[in-house]
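S.K.: below is the sequence, then the predicted model.
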Amino acid sequence: QQQVKQSPQSLIVQKGGISIINCAYENTAFDYFPWYQQFPGKGPALLIAIRPDVSEKKEGRFTISFNKSAKQFSLHIMDSQPGDSATYFCAGNSGNTPLVFGKGTRLSVIA
Amino acid sequence: KAGVTQTPRYLIKTRGQQVTLSCSPISGHRSVSWYQQTPGQGLQFLFEYFSETQRNKGNFPGRFSGRQFSNSRSEMNVSTLELGDSALYLCASSLGRTGGTEAFFGQGTRLTVV
């Protein structure tokens, strides 16, 4: 399985700050890149996703930036809130292949 | 619209036993994928079923198997359980094949092998 590398493993951000999580992928055939948010005891919930034909997608406080040439994409959470404290996973896939996930980033937003 | 339902939520089994987990996808979704989640390995793909056929399989031993029924519900089975099989098992459903389509996860089944 082609890897998706995610960083950092953990992140502490002040309330109101910007949280940034980065991912890098290897498989150039990947054409779908979702981000999932997972709270303890829950399954991952789809947050936002992007395809490589656009460089940025914004939904509310969440933005994905995509750099096809560098094979990197990132999640930005603006005005981070304590309720955003969760584990975030990036992923990628293509065609009829399964999603390949990064290892996750544990985000803590402190007041 | 109901989400993805996984049963049971928690299981405790003994080494050597077998276990069956169930997943009911979102109504109208035909694809079901299974993932194993552990703190060390993250989310690892097990298999994908679409229209009752296994379409993709991850790198897991043959003790892990699954099936999908005509109503799209899916089950996975793990035989001869090992301590290392302790994990959160997640099911995801998609409208079509998982490639490039939104996948929605259930809450998972927490399996503990003792």
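M.R.: Received it, and whenever you're ready, just let me know what you need.
S.K.: contacting residues for residue B:90?
M.R.: A:43, A:44, B:6, B:34, B:35, B:36, B:37, B:43, B:105, B:106, B:108 (CB atoms under 8 Å, 6 or more residues apart in numbering or on different chains). C-beta coordinates here come from the backbone N, C-alpha and C atoms, glycine included.
S.K.: widest-spaced pair of the residues you listed?
M.R.: B:6 and B:43 (14.8 Å; CB to CB).
S.K.: low-confidence stretches in chain A?
M.R.: A:1-2 (pLDDT under 70).
S.K.: burial count for whatever residue of it ends up closest to chain B?
M.R.: Relative to chain B, the nearest point of chain A is residue A:43 (3.7 Å; CB to the nearest CB). Residues lying near residue A:43 (other CB atoms under 10 Å in any protein chain shown) number 21.
S.K.: with residue B:45 instead?
M.R.: Residue B:45, neighbours per other CB under 10 Å, totals 23.
S.K.: give the bridge partners for it, please.
M.R.: residue B:35 (DSSP bridges).
S.K.: that one against residue B:55, yeah?
M.R.: No: taking contacts as CB atoms under 8 Å, residue B:45 lies outside contact range of residue B:55: 11.6 Å.
S.K.: what about the helices in chain A?
M.R.: Read by DSSP state H, chain A holds no helices at all.
S.K.: list, one by one, the residues from it near chain B.
M.R.: A:1, A:31-32, A:34, A:36, A:41-46, A:49, A:51, A:89, A:93-104 (CB under 8 Å from any CB of the partner chain).
S.K.: restricted to strands, list these.
M.R.: Secondary structure from DSSP state E places A:34, A:36, A:45, A:46, A:49, A:89, A:100, A:101 of the residues of chain A next to chain B in strands.
S.K.: quick check: closest non-adjacent residue to the residue in chain B positioned nearest to chain A.
M.R.: Closest residue of chain B to chain A, CB to the nearest CB: residue B:105 (3.7 Å). Residue nearest to residue B:105 in three dimensions, not counting chain neighbours: residue A:43, with 3.7 Å by CB to CB, 6 or more residues apart in numbering or on different chains.
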